[in-house]
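>>> make a model of this:
(2 chains, ligands or ions: 3)
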Amino acid sequence: MSSNVLTRKDFISDQAVRWCPGCGDYAILAQVQKVMPELGIDRENIVFVSGIGCASRFPYYMNTYGFHTIHGRAPAVATGLHLARPDLSVWVVTGDGDALSIGGNHLIHMLRRNVDLKILLFNNKVYGLTKGQFSPTSNQGMKTKSSPFGSKARPFSTLALALGAEATFVARTVDTETQHLQEMIRRLANHRGSAFLEILQNCPVFNDGVYEDLKDRKIKSDHLLILENGEPLVYGADSNRELRLDTSAMRLYPARRDLSDDSVEVRHNEAAPDASLAMMLARAEGEDYPVPLGVLRAVREPTFEELSLAEGQAQRDAHGEGTLAELLYSPDRWKVD
Amino acid sequence: MSGNDEVPVEEIPSVVIRLVGDSGDGMQLTGGELTRAAALAGNDIATFPDFPAEIRAPAGSLAGVSGFQLQFSSGEIFTAGDAPDVMVVMNPAALRTNIRDLEKGGLLIVDTGAFKAKNLELAGYAENPLEDGSLADYRLVVVDISKHVTLTLKGEGLSTKDVFRTRNFYALGLLFWLYGRSPEAELEAIHRKFAKRPEIANANSKVFQAGFNFGETAELFESAYRVAPAKLPAGEYRNITGNEASALAILAAGRLADKPIFYGSYPITPASDILHYLSAQPRYGVTAFQAEDEIAAVTASIGASFGGSIAITGTSGPGFALKQEGIGLAVIAELPLVVINVQRAGPSTGMPTKPEQSDLMQALYGRNGESPVAIVAPSTPADCFDSMLDAIRIAVEHMCPVVYLSDATLANGAEPWRIPAPESLQPIQVNHRIEADGFSPYIRDPNTLARVWAVPGTPGLEHRIGGLEKEDGSGNVSYDPENHQHMTHIRQAKIDRIADRLPPAEIFGDPEGDLLLVGWGSTFGPLRQATIALRDQGHAVSHMHLRFLNPLQSNVSEALLKFRRVLVAEMNMGQLRTLLRDRFLVDAKGLNKMQGQPFQIREVVHAARELLTEVPAETIK
Ligand SMILES: Cc1ncc(C[n+]2csc(CCOP(=O)(O)OP(=O)(O)O)c2C)c(N)n1
Ligand code: SF4
Ligand SMILES: [Mg+2]
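Numbering: from 1, shown residues only, chains lettered A, B, ... in the order given. Ligands and ions are numbered 1, 2, ... in the order given. Just a heads-up that it's a prediction; the model follows:
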């Protein structure tokens, strides 16, 4: 319909944005609004669905269709919407509490089904909206009002969880890496199937600085591993570090490129049918490890919607479009005069 | 071979038969076949399947007993009958749990082959009741069905287990002979039903025929019986259960509205059959989505509704509790949604296969905030069709959630349904906003107060909705105190105004008198039949059965005031009664049964008479 060229401004709604000053959510909103016009999708065919939390206010600020639903249920609402309307481009915006605590069940099942939805998970490792309790991704020991002596449980590895749930597209980026964030949004948009993007997001009010290592210009290159498909897993200011495969323990470990050892160089392959490498990358966590950013996995598998449409078509081909008369007049009926 | 003519044939107006056996004995199947034969012969029928929740309770145990009661009649009937006239018993546990219900002098047909020491012990019998004279009050007919089927199927190469499992068809054959049903149609049905296992089809047919022949030749019965066809209104009929009728109406609605249907559900007894039925029919444009839980089922349905589908979500009590937050979202988002609750006995898991009507308050008040929804309750299996169409019409025309309260009796019970002519069904009007000029998401129809239904994909109508309070008209998030007061009233008024479209509640009997029996849902049959009985005895009793529980029809208040006494009979502690007392300040009394069993007609008659005797002789005239 509106085939005139859209710009960033077309995607800005008339609602005042209400996040705290300095919140990472602003940067994400700006980049989404910037990439949207490039996708060639008319605004009326885009829907943003969210749950509850600071992150979930997102749809109000997008001049598209939007549904700010209830806590944790956005993946389910979006699943129903997209099953009913596979013609739409449906995006899910959620937080770490929304997606991984109250809505964990819906998230894993949406991924498992490979519903064609784009998921933006804003991970600030804290409950922002409810004023700072620990979340399922909070670092163990985090002190908050509900964990004054330190949180006791271990955090989820978000990407490992998504991979474990059979996600066909898994990626990670950071709110401050503008170009990378844009690129990831584009990749997400172009994937067919459940596309899961974790965006590491700073909450300056309740969890300021959790990602400082990834943001401080002086040190960040030692802590960020930008994944490039087909390339070795190299990082570090002087590109002197690499995640290599320790074959005896079957794990990736941070090695120095100038020192040789028994480990094996690994080239990234996001399209590998088997998710083992992606899983190793997701689990490459620890003191000396860099944080991999980029696409860990991107494979094309039939989507839930495609299978659902095909099922309907096969049934119509075999038995015809059902009519009302056919429905009512069952073969076992009888007549009373 | 001695012929049928040697046994006298007695014409009877109706008969109530109960088949009881172990869960593995195929009583539900047998009951279904007997029902179909009666329906095909033109009788009016009503059934009450009653089975345990455990799929595999230990064989022969009391917990594993499964029953199927049906009544077929030459006159109009509304229930499967109070007490059976005939009981077919397949094992000792079934005898023990059911015999007290059989009418004195009733016909008791027993498979003696199943009355072995182990089964007797499992049923807690020290002595074999077939031999100790304890059944002297009944006309006992003993047949060693187990032995007969073994002999019939000798040399067929079936396992002992498979042979034993044909016993129900032997009993069915006997009953076919006893009630003069033609065996041909049944033989065909057996071959259709077991098409995938021809050896079993063959065995069942042989055994069925053997049972039929045995009835004819063995002179077991002093008489055979005939129940003449009922004088049902002319038309085409089919036999239908409540769950089937609900599902059928859902598919019909898609055609009547020319819209896709979305059905979100998570398996739960006794609602699952609706999911099963719809899952098999994608060609009618239904997307049946088995969600990961009830929360996902309701919220996915809300998503589909936002996308412009007719959305329905189905469950039973425990799942309904889980859906409540989602229903609240549909209330504030003002999206159409039908929520089916096939009620069962609670609380918690309760008695999953047994009926109760204890979720009315949950439907009315079970959500946070002032959160009104419409409530529709079907009253008979066939009525599920019309009630579901009503529920869907209300949802899409008034842009609100509608709770549809069925229950386990309706879900599984069957009756003949006069098939409506397709062209007689009113189309369902769905109006999606297209016009961008002057659009905002919360502008309303001045009469119904329904907001516009604008669906994604429509250019120029991009908008955001959600669970936060809305400013009326614009739909923008609002914390304004006056607006919240206003919106709370609007949401209530929207539901209240549904009453404007409803026909008056029907009063069966006179519009005034000594006693008004009031009910809703599956109690229709016993209440109606009790009313007929009481009126026959000369009492000034009428019956009002409510299909619409929120809003109540506009004549309800007046109707209640025209009677000296009001008796609300419910399978709960008095939820409708509380509502009526609250709304209309009437001194309604309650008849309340929480046994996981429907009312018996005589229980209702008894309670009504007790109340009537308290009434001064003269009535308001
Ligand atoms: C059913 C329910 N339980 C609890 C809440 C309160 N609540 C709102 S947002 C939230 C946590 C949000 O955390 P997260 O998803 O990480 O989002 P953030 O605010 O950090 O962006 C909670 C517990 C709610 N709205 N609904
Ligand atoms: S609380 Fe944190 S996450 Fe929420 S808006 Fe403020 S800064 Fe952003
Ligand atoms: Mg958070």
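
>>> any stretches of the chain with poor pLDDT?
The chain I'm using is chain A. Scanning chain A for pLDDT under 70 picks out the ranges A:1-4.

>>> wait, I meant chain B there
Along chain B, segments meeting pLDDT under 70 span B:1-5, B:615-621.

>>> show me how it divides into domains.
B:3-226, B:238-424, B:507-613 (automatic domain parsing).

>>> now, of these, which is deepest in the fold?
Of all these, domain B:238-424 has the most neighbours on average by mean count of other Cβ atoms under 10 Å in any protein chain shown, namely a mean of 24. C-betas here are computed from N, CA, C, even on glycine.

>>> span of that one from start to end?
17 Å (Cα to Cα, to the nearest Å).

>>> over to stretch B:304-314?
Separation of the first and last residues of stretch B:304-314 by Cα to Cα is 14 Å.

>>> give me the distance from that stretch to the chain's centre.
Between the centre of stretch B:304-314 and the centre of its chain there are 24 Å (Cα atoms, centre = their mean, to the nearest Å).

>>> what sits closest to the closest residue to ligand 1 within the stretch 501-621 of chain B if chain neighbours are left out?
Ligand 1 sits closest to residue B:550 of the stretch 501-621 of chain B, with a gap of 24.9 Å, by Cβ to the nearest ligand atom. Nearest non-adjacent residue to residue B:550, counting by Cβ to Cβ, 6 or more residues apart in numbering or on different chains: residue B:375, 4.1 Å away.

>>> thinking again about what came up before, any idea which of the domains of chain B gets closest to residue B:464?
With Cβ to Cβ as the measure, domain B:238-424 is the member of the domains of chain B nearest residue B:464 (10.6 Å).

>>> ranges for the helices of the stretch 51-200 of chain B?
Counting by DSSP state H, counting those that start in this stretch, the stretch 51-200 of chain B has these helices, from start to end: B:92-98, B:117-122, B:145-152, B:160-164, B:167-178, B:183-193, B:198-217.

>>> how about those helices in CSV, adding distance to residue A:85?
CSV is the format used below for those (distance: least, Cβ to Cβ, whole Å):
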stretch, distance to residue A:85
helix B:92-98, 52
helix B:117-122, 56
helix B:145-152, 56
helix B:160-164, 50
helix B:167-178, 48
helix B:183-193, 39
helix B:198-217, 45
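
>>> which one, of these, ends up nearest to residue A:188?
helix B:183-193 (50.8 Å).

>>> contact partners of the closest one?
Helix B:183-193 is contacted from outside by B:33, B:36-37, B:40, B:169, B:172-173, B:176, B:201, B:204-205, B:208-209, B:212, using Cβ atoms under 8 Å, 6 or more residues apart in numbering or on different chains.

>>> now for the residue of the stretch 151-300 of chain A found nearest ligand 1, how many residues are close by?
Closest residue of the stretch 151-300 of chain A to ligand 1, Cβ to the nearest ligand atom: residue A:203 (6.3 Å). Residue A:203 has 26 neighbouring residues, counting by other Cβ atoms under 10 Å in any protein chain shown.

>>> which bits of the stretch 151-300 of chain B sit near chain A?
Within the stretch 151-300 of chain B, the residues that sit near chain A (Cβ under 8 Å from any Cβ of the partner chain) are B:229, B:232-239, B:248, B:251-252, B:255-256, B:260, B:262, B:264, B:281-285, B:287, B:289, B:291-293, B:295-296, B:299-300.

>>> of all residues in the stretch 101-250 of chain A, which one is closest to chain B?
With Cβ to the nearest Cβ, the shortest gap between the stretch 101-250 of chain A and chain B falls at residue A:109, namely 4.1 Å.

>>> how many residues are close by that residue?
Using other Cβ under 10 Å, residue A:109 has 18 neighbouring residues.

>>> that one: what's it in contact with?
A:75, A:165, B:291-292, B:296 are the contacts of residue A:109 under Cβ under 8 Å, 6+ apart.

>>> next, the spatially most central residue of chain B: phi, psi?
Nearest to the mean C-alpha position of chain B, by Cα atoms, centre = their mean, lies residue B:410 at 0.6 Å. The phi/psi pair for residue B:410 (degrees, to the nearest 10) reads phi -70, psi -40.

>>> tell me the spacing between it and ligand 2.
Counting by Cβ to the nearest ligand atom, to the nearest Å, the gap from residue B:410 to ligand 2 is 49 Å.

>>> leaving out sequence neighbours, find the closest residue to that residue.
Among residues not flanking residue B:410 along the chain, residue B:242 sits closest, at 3.4 Å (Cβ to Cβ, 6+ apart).

>>> and the lengthiest helix in chain A, what does it pack against?
Longest helix in chain A, counting residues (DSSP state H): helix A:304-319. Helices and strands touching helix A:304-319, by 3 or more Cβ pairs under 8 Å, 6 or more residues apart in numbering or on different chains; DSSP states H and E, are helix A:74-84.

>>> quick check, the helix it packs on touching chain B?
Yes: counting by Cβ under 8 Å from any Cβ, contacts between helix A:74-84 and chain B involve A:76-84.

>>> tell me the angle that helix makes with helix A:304-319.
Counting by axes from the mean of the first three to the mean of the last three Cα atoms, to 10 degrees, helix A:74-84 points 30 degrees away from the direction of helix A:304-319.

>>> my guess is residue B:428 contacts residue B:257, does it?
Yes: between residue B:428 and residue B:257 there is a contact under Cβ atoms under 8 Å: 3.8 Å.

>>> overlap in contacts of these two?
Residues touching both residue B:428 and residue B:257 (Cβ under 8 Å, 6+ apart): B:310, B:392, B:396.

>>> and those residues, which is closest to residue B:465?
residue B:396 (16.8 Å).

>>> which strand or helix spans the closest one?
For residue B:396, the host element (DSSP states H and E) is helix B:383-398.

>>> helix or strand next in line after that helix, which one?
For helix B:383-398, the following helix or strand on the C-terminal side (DSSP H and E) is strand B:401-407.

>>> now do that following strand: which elements does it pack against?
On a contact count with 3+ Cβ pairs under 8 Å, 6+ apart, strand B:401-407 meets helix B:242-257, helix B:317-333, strand B:337-343, helix B:360-365, strand B:374-376, helix B:383-398.

>>> distance to residue B:502 added to those, as TSV?
As requested, those are exported to TSV (distance: least, Cβ to Cβ, whole Å):
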stretch	distance to residue B:502
helix B:242-257	18
helix B:317-333	20
strand B:337-343	17
helix B:360-365	17
strand B:374-376	10
helix B:383-398	9
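
>>> circling back to that earlier point, the residue nearest to residue B:550 and residue A:272: what is the separation?
Applying Cβ to Cβ, to the nearest Å, the value for residue B:375 to residue A:272 is 54 Å.

>>> verify the contact between residue A:187 and residue A:296 for me.
No: Residue A:187 is beyond contact range of residue A:296, at 11.4 Å (criterion: Cβ under 8 Å).

>>> for the residue nearest to residue B:550, list the residues it contacts.
By Cβ under 8 Å, 6+ apart, the contact list for residue B:375 reads B:360, B:363-364, B:402-405, B:548-550.
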